[in-house]
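> Give me a 3D structure for the following:
(one chain, ligands or ions: 2)
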Amino acid sequence: MIASSLSDKIVITAAITGAVHTPTMSPYLPITPEQIADEAVKAAEAGAAIVHLHVRDPATGKPTSNIELFRQVLTEIKKRSDVVINTTTGGGFGMPAQERLAVVPAFRPEIASFNMGSMNFGLYPYLSKPRTWKYSWEEPYIRATKDYIFKNTFADMEVFCSTMQENGTKPELECYDVSHIYNANRLLTEGTLKGPVHMQFVLGITGGIGASLEDLLMMKQTADRLLGSGRYTWSVAAAGRNQFGSCLAASRLGGHARVGLEDNLYMGKGVYARSNAEQVSKIRTMVQETTGREAAKPDEVRDALGLKGRAAVNF
Ligand code: KMH
Ligand code: ZN
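Ligands and ions are numbered 1, 2, ... in the order given. Predicted structure coming up:
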């Protein structure tokens, strides 16, 4: 059903800035609302059908949930592009669940991330590389993740689910491990979550499943077994150097691909990605040349995922 309508197309998502990387890690990480919007529009021009968005304090680059910053980014992108806008509800480290979710009732986006369980989410391995930090918040932000739980309890997930339903926002299920697929299946069985669902398998986070081919197959096979093959749509996002290989593998298995500076700052070993668009172009070419699947257009994605359309958002 849903999955087959896009089987000859690849849905490329560009995750523009995220909350995992800090300004010291790459001079190309977009920070201000203007930079984030501009990167999103250019990623769409390069072939991304969806852009996934976080915002940052323009003065320091620190991830924030500030609604006015979101408003600036969302309105600017909508003015310049018909790309599907996917807002984060994962936010940044240390943000309470309700604060992360506020973007949904405020803007009623077509789609938003929905994190499928609590987990360790360690960025502290970044500290093994010596750096001179640009901003004083960066090192403590990264260090604190050693003792941090990314909290998404069943009670939290019920609230996220009902808020998204009330606002006509499709949840994109961020699954960082096999247990998150079981959580998704539980919410579906209980009727809290309505199908058909769209999943993002997030591989290679410290605290989640790895990013080997076996890990990817384990995620897909688990989802097929629990939800039924072809009864859900799915995409892969993988951290760091695993990004392109995992996305290509997903494309060969009928899945979709998320790239972007949220997940990976590089094009290859030691070579910075100078923009999100560069990564979008690279995966678009890799997938097209390997599988023949062409980049899906935003309206094709709206159709296939059952999104309400850009006229129905509140920005
Ligand atoms: N910021 C992270 C803790 C999402 O956008 O929903 C997780 C994250 C996922 O980025
Ligand atoms: Zn995100």
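
> Find the closest residue to ligand 2 in the stretch 151-300 of the chain.
residue 262 (5.4 Å; C-beta to the ion). From N, CA and C alone the C-beta is placed, and that goes for glycine too.

> Name the SS class of that residue, please.
Classification of residue 262 using DSSP: H, G, I helix; E, B strand; the rest coil returns coil.

> quick one, helices of the chain?
With DSSP state H as the criterion, the chain has helices at 33-46, 67-80, 97-101, 103-107, 138-144, 154-166, 178-190, 213-227, 243-252, 276-291, 298-305.

> which residues does residue 175 bridge with?
residue 201 (DSSP bridges).

> Kindly report the same for residue 268.
residue 271.

> got the residues of the chain near ligand 1?
18-19, 88-93, 113, 115, 121, 150, 174 (C-beta under 6 Å from any ligand atom).

> ok, now how distant is the residue of the stretch 101-250 of the chain found nearest ligand 2 from residue 87?
The nearest approach of the stretch 101-250 of the chain to ligand 2 comes at residue 113, 5.6 Å away (C-beta to the ion). Using C-beta to C-beta, to the nearest Å, one gets 7 Å for the distance from residue 113 to residue 87.

> can you list residues touching both of the two?
Common neighbours of residue 113 and residue 87 are listed as residue 52 (criterion: C-beta atoms under 8 Å, 6 or more residues apart in numbering).

> Between the two, tell me which one has more neighbours.
Set residue 113 next to residue 87 and count neighbours by other C-beta atoms under 10 Å: residue 87 wins out with 28 against 23.

> Return the distance of that one relative to residue 226.
For residue 87, the distance to residue 226 (C-beta to C-beta) stands at 27 Å.

> Ok, residue 126 next?
34 Å.

> do residue 235 as well
From residue 235 across to residue 226, the span is 18 Å (C-beta to C-beta).

> Who has more neighbours out of those two?
Taking neighbours as other C-beta under 10 Å, residue 235 and residue 226 compare with residue 235 leading, 22 against 17.

> For that one, name its beta-bridge partners.
So, taking DSSP bridges as the rule, residue 235 has residue 200, residue 256 as bridge partners.

> That one and residue 197 touch, don't they?
No - the pair residue 235 / residue 197 is not scored as a contact, 11.8 Å apart, by C-beta atoms under 8 Å.

> What about whichever residue of the chain sits closest to ligand 1, how many residues nearby?
Closest approach between the chain and ligand 1, counting by C-beta to the nearest ligand atom: residue 90, at 2.3 Å. Applying other C-beta under 10 Å, we find 25 other residues in the vicinity of residue 90.

> so who does it touch?
19, 54, 100, 113, 115, 150, 174.

> And the third one, what's its pLDDT?
Looking back up the chat, that one is residue 100. Reported pLDDT at residue 100 in the predicted model: 98.

> residues contacting the residue nearest to it when sequence neighbours are not counted?
Leaving aside its sequence neighbours, residue 100 sits nearest to residue 91 (C-beta to C-beta, 6 or more residues apart in numbering; 3.6 Å). Shown in contact with residue 91 (C-beta under 8 Å, 6+ apart): 19, 54, 63, 65, 99, 100.

> Nearest residue to the third one in space, please, no chain neighbours.
Just to be clear, that refers to residue 63. Closest to residue 63 by C-beta to C-beta, 6+ apart is residue 92, at 2.9 Å.

> Compare the residues of the chain next to ligand 1 and tell me which has the most neighbours.
residue 115 (29 neighbours).

> Please name the bridge partners of it.
Bridge pairing for residue 115 - DSSP bridges - gives residue 174.

> Can you pull out the low-pLDDT segments for the stretch 1-150 of the chain?
For the stretch 1-150 of the chain, the stretches with pLDDT under 70 are 1-5.

> Is it correct that the residue of the stretch 151-300 of the chain closest to ligand 2 is in contact with residue 13?
No - Residue 262 lies out of contact with residue 13 (C-beta under 8 Å); the separation is 9.8 Å.

> what residues are shared contacts of these two?
Joint contacts of residue 262 and residue 13 (C-beta under 8 Å, 6+ apart) are 52, 237.

> so which residue of this structure comes closest to ligand 2?
Closest to ligand 2 within the chain is residue 88: 4.2 Å, counting by C-beta to the ion.

> Now do the same contact list for that residue.
Residue 88 neighbours (C-beta under 8 Å, 6+ apart): 18, 19, 52, 53, 54, 100, 103, 112, 113.

> Looking at those residues, which is nearest residue 6?
Among the contacts of residue 88, residue 52 lies closest to residue 6 (C-beta to C-beta), at 17.8 Å.

> so what's that closest one bridging to?
If you apply DSSP bridges, the partners that residue 52 bridges to are residue 15, residue 86.

> With that, I have no additional questions.
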